[in-house]
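J.: Show me how the following folds:
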Amino acid sequence: MSLPSLSLLPPSPARLIRALDPRLPLAVKRRLVEPPLNHAFAGPLEEGEFDALEGRHLSLSIKDLGVNLTLSHRHRRLVLVEGPGEACIRGGWREFLCLATRREDPDSLFFQRRLIIEGDTELGLMVKNLLDGLEEGLAQGRLGDWLERIERLTRRD
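T.: Sure thing, here's the model as predicted:
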């Protein structure tokens, strides 16, 4: 059975959240998560800004959604991989949303312990600083559209 093309999937926040479901096979998550992630970071990836992550594994743990994703860098692309990372950034989905949309200062999120780096803190800080140094963050393209829609929904709470 073949999976639908990403272009056929509606750009909905609900679909993105479902893609993070821990019960989904890694191959499905890759098809749903990697393309928008690599598109959002196309420039920095091409410029080699993620090269320090080559062969390394960083986990993101969104504790209130029960989501754990592990990212690596291979051949100028961000990829999802199996297993735990050498470093892990933990927090709630609202904190990750604030980080991704740059609505709050990343340092504040970490100093207030709303986001926590565990394991290889040098690796975790390197990635945090890389994300912090990007002008547009993740709030661009299709992924940015999803994040903005999720953010609007959270303001209603």
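
J.: OK, contacts around T70?
T.: For T70, the residues meeting the contact criterion (CB atoms under 8 Å, 6 or more residues apart in numbering) are H57, L58, S59, L60, L80, V81, E82, G83, P84, G85. All C-beta spots, glycine's among them, are computed from the backbone N, C-alpha and C.

J.: Hmm, L78 and the fourth one touching each other?
T.: No - with contact defined as CB atoms under 8 Å, L60 and L78 do not form a contacting pair (11.4 Å).

J.: shared neighbours, the two?
T.: Counting by CB under 8 Å, 6+ apart, the residues touching both L60 and L78 are L71.

J.: quick one, helices of the chain?
T.: Using DSSP state H, the helices assigned to the chain run over residues 13-19, 26-40, 42-46, 93-101, 106-111, 121-133, 141-155.

J.: C-alpha coordinates for the shortest one, CSV please?
T.: Written as CSV, here are the backbone C-alpha positions of helix 42-46 (Å, rounded to 0.1, in the frame of the first residue of the first chain):
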residue,chain,number,x,y,z
ALA,A,42,16.4,24.6,3.3
GLY,A,43,18.7,27.6,3.4
PRO,A,44,20.6,26.8,6.6
LEU,A,45,20.8,23.1,5.5
GLU,A,46,22.3,24.1,2.2
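
J.: which residues sit against that helix?
T.: N38, F50, H73, R76, R77, L78, L130, L134.

J.: how about a cut-off of 7 Å?
T.: N38, F50, R76, R77, L134 (CB atoms under 7 Å, 6 or more residues apart in numbering).

J.: Tell me the buried residues in that helix?
T.: By neighbour count, and taking 16 or more other CB atoms under 10 Å as the criterion, the buried residues in helix 42-46 are P44, L45.

J.: any idea how far that helix is from the chain center?
T.: Helix 42-46 sits 15 Å away from the centroid of its parent chain (CA atoms, centre = their mean, to the nearest Å).

J.: Equivalent analysis for stretch 123-133, please.
T.: Average the C-alpha atoms of stretch 123-133, do the same for its chain, and the two points are 12 Å apart (CA atoms, centre = their mean).

J.: what does stretch 114-123 give?
T.: Relative to the centre of its chain, stretch 114-123 is centred 15 Å away, using CA atoms, centre = their mean.
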